[in-house]
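**Q** Only the shape, not the letters, is given here:
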């Protein structure tokens, strides 16, 4: 029944590696709500900071120009008054003192002097105009005289022209480096604040998402949210979610209890019918048919109970080789059924052993029922597996007629039965739905596809057990 030679998956074009995800379709590119909120808050805060800096710079020019012009005009007037009211000897000493202590240099202005006006930006032009208004229209403000850079102010003392040289930083605007430091500090504070605000906004949503995931998995006890939070809107959402989870839990409990009760109530009369059939029906053929009908009713009850199992399970290490061998053994030794396996030795997955055996039993029974070759009447079933990254890919296929492509997605829907042209057999329509639910509970994926060489192929992606 087993063959260690491996059949490569690449011989089949349809596999879990090429099929779209059958369970949760997610967009190719998605951004979490935290980063979305953080981005927009950061954009808003940085934009406001830049606008504030530009507005401040625009409003700063006029006061700074006026203040700088007043200071320079006072400096020129004081220097002029000191030089006018001092004698020749004291004047030389005064000029040296101004140069050493105040960083002021006074020199005669010659007609041959070459200079460049101080008009590099709006602030310098404004300062020059303010100085001419205070010191006279013949006042010159230069940024370079005779190739010597600096802040040069040309003024007159008793009709004699002079230059006053001082430090340009006296009227210099705030440099670009300073603005960058301010902007960088503001941006850092803005980004930090945006991250904190986005985290506070998204924290209850993250808890709600986690609780919703637990409810989806059927773990209602771990899905309770805090109903005493300070924010009224979040509090109302938490209260509504908790009430919904409680109601769903009660519905789940009532469903399980109802199905258990139905199973118990039906199996007792079925057992009596079976006993009375064996004792009272003399016709062997009729007795056999009646017993088969009773067995079919029992099987239908089992299917309903399997489908109604809880949606959460604790995964454990399961040997896939043993599970498939047990499933093959449980389906019996039908001489018209040939099963070939290609499973690497000691393939271990994470799941529930009972659930996983039920999965393969259902798939083998489904293939045995619907996958019979119409020409030979033989059922050939191939089971192969291979490991890839942190998963184990399993494929189980028959060699029957396959299924119409438009019905593939519906085969895993409860109570749906495919085209009867595959077989005249009947069932509850829950077998493949039970398989899909069981695989999903174990954290895997399940998909169906027609094989390129005929028949239906079931593809499973199971979680590989860590070494």
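**A** Nice, thanks for sending it over. Just so you know, these numbers come straight off a predicted model, no measurement behind them.

**Q** alpha carbons only for contacts and neighbour counts from here, please
**A** Fine.

**Q** Residue 364 - how many residues pack around it?
**A** By other C-alpha atoms under 10 Å, 25 other residues sit near residue 364.

**Q** State the next helix or strand along the chain beyond whichever helix or strand it is part of.
**A** In the assignment (DSSP states H and E), residue 364 maps to helix 353-370. Counting by DSSP H and E, the next helix or strand C-terminal to helix 353-370 is strand 379-388.

**Q** Counting neighbours, show which residues of that next one come out buried.
**A** 379, 380, 381, 382, 383, 384, 385, 386, 387 (16 or more other C-alpha atoms under 10 Å).

**Q** Including distance to residue 119 and pLDDT, could the residues you listed go into a markdown table?
**A** Shown next, in a markdown table, are the buried residues of strand 379-388 (distance: C-alpha to C-alpha, whole Å; pLDDT from 0 to 100):
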| residue | distance to residue 119 | pLDDT |
| --- | --- | --- |
| 379 | 97 | 89 |
| 380 | 94 | 90 |
| 381 | 92 | 91 |
| 382 | 89 | 91 |
| 383 | 87 | 92 |
| 384 | 84 | 92 |
| 385 | 81 | 92 |
| 386 | 79 | 91 |
| 387 | 76 | 90 |
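
**Q** The one helix or strand residue 392 maps to packs against which elements?
**A** According to DSSP H and E, residue 392 maps onto strand 391-398. Contacts defined by 3 or more C-alpha pairs under 8 Å, 6 or more residues apart in numbering; DSSP states H and E place strand 391-398 against helix 353-370, strand 379-388, strand 456-463.

**Q** Can you list the neighbours in contact with that strand?
**A** Strand 391-398 is contacted by residues 16, 349, 363, 367, 371-372, 379-387, 451, 454-464 when judged by C-alpha atoms under 8 Å, 6 or more residues apart in numbering.

**Q** Provide the strand pairings for it, with the direction of each partner.
**A** Using DSSP bridges, strand 391-398 pairs in its sheet with strand 379-388 (antiparallel), strand 456-463 (antiparallel).

**Q** Do me a favour and average the pLDDT over that strand.
**A** Taken as a whole, strand 391-398 carries a mean pLDDT of 92.

**Q** just stretch 127-145 next, same as before
**A** 82.

**Q** in that stretch, what counts as buried?
**A** Buried-residue list, stretch 127-145, by 16+ other C-alpha under 10 Å: 127-132, 135, 139-145.

**Q** Can you pick out the ones from those that are in helices?
**A** Mapping the buried residues of stretch 127-145 onto helices (DSSP state H) picks out 127, 128, 129, 130, 131, 132, 135.

**Q** How far off centre is the helix ranked longest in the chain?
**A** Counting residues, the longest helix found in the chain (DSSP H) is helix 33-84. Centre-to-centre, helix 33-84 and its host chain are 42 Å apart (C-alpha atoms, centre = their mean, to the nearest Å).

**Q** Can you get me a residue count around residue 445?
**A** Neighbours around residue 445, by other C-alpha under 10 Å: 22.

**Q** if I look at it, how far off is residue 460?
**A** 6 Å (C-alpha to C-alpha, to the nearest Å).

**Q** between those two, what contacts are shared?
**A** With C-alpha under 8 Å, 6+ apart as the test, residue 445 and residue 460 both reach residue 439.

**Q** What is the subsequent helix or strand relative to the least confident helix or strand in the chain by mean pLDDT?
**A** Taking mean pLDDT, DSSP states H and E as the measure, helix 88-101 is the helix or strand of the chain with the lowest mean score, a mean of 69. Next helix or strand after helix 88-101 toward the C-terminus (DSSP H and E): strand 105-108.

**Q** Who are the packing partners of that following strand?
**A** Here strand 105-108 touches helix 88-101, strand 160-166, going by 3+ C-alpha pairs under 8 Å, 6+ apart.

**Q** For residue 434, see how far away residue 461 is.
**A** Going from residue 461 to residue 434 by C-alpha to C-alpha gives 16 Å.

**Q** what's next to stretch 154-166, contact-wise?
**A** Stretch 154-166 has contacts (C-alpha under 8 Å, 6+ apart) with 76, 80, 84, 103-110, 135, 138-141, 150-153.

**Q** and that stretch, which residues are buried?
**A** By neighbour count on 16+ other C-alpha under 10 Å, the buried set for stretch 154-166 is 154, 155, 156, 161, 162, 163, 164, 165, 166.

**Q** tell me which element the second one is part of?
**A** Counting by DSSP H and E, the element that carries residue 155 is strand 148-157.

**Q** the inter-axis angle of that strand versus strand 160-166?
**A** 140 degrees (axes from the mean of the first three to the mean of the last three C-alpha atoms, to 10 degrees).

**Q** circling back to that earlier point, going by distance to residue 193, which of the ones in helices among the buried residues of stretch 127-145 wins?
**A** residue 127 (39.9 Å; C-alpha to C-alpha).

**Q** which ones are touching the closest one?
**A** 65, 66, 68, 69, 171.

**Q** give the contact list for the second one.
**A** Spelled out, that is residue 66. 127, 130.

**Q** Hmm, residue 402 and residue 450 touching each other?
**A** Yes - between residue 450 and residue 402 there is a contact under C-alpha atoms under 8 Å: 5.8 Å.

**Q** Fine by me, thanks again.
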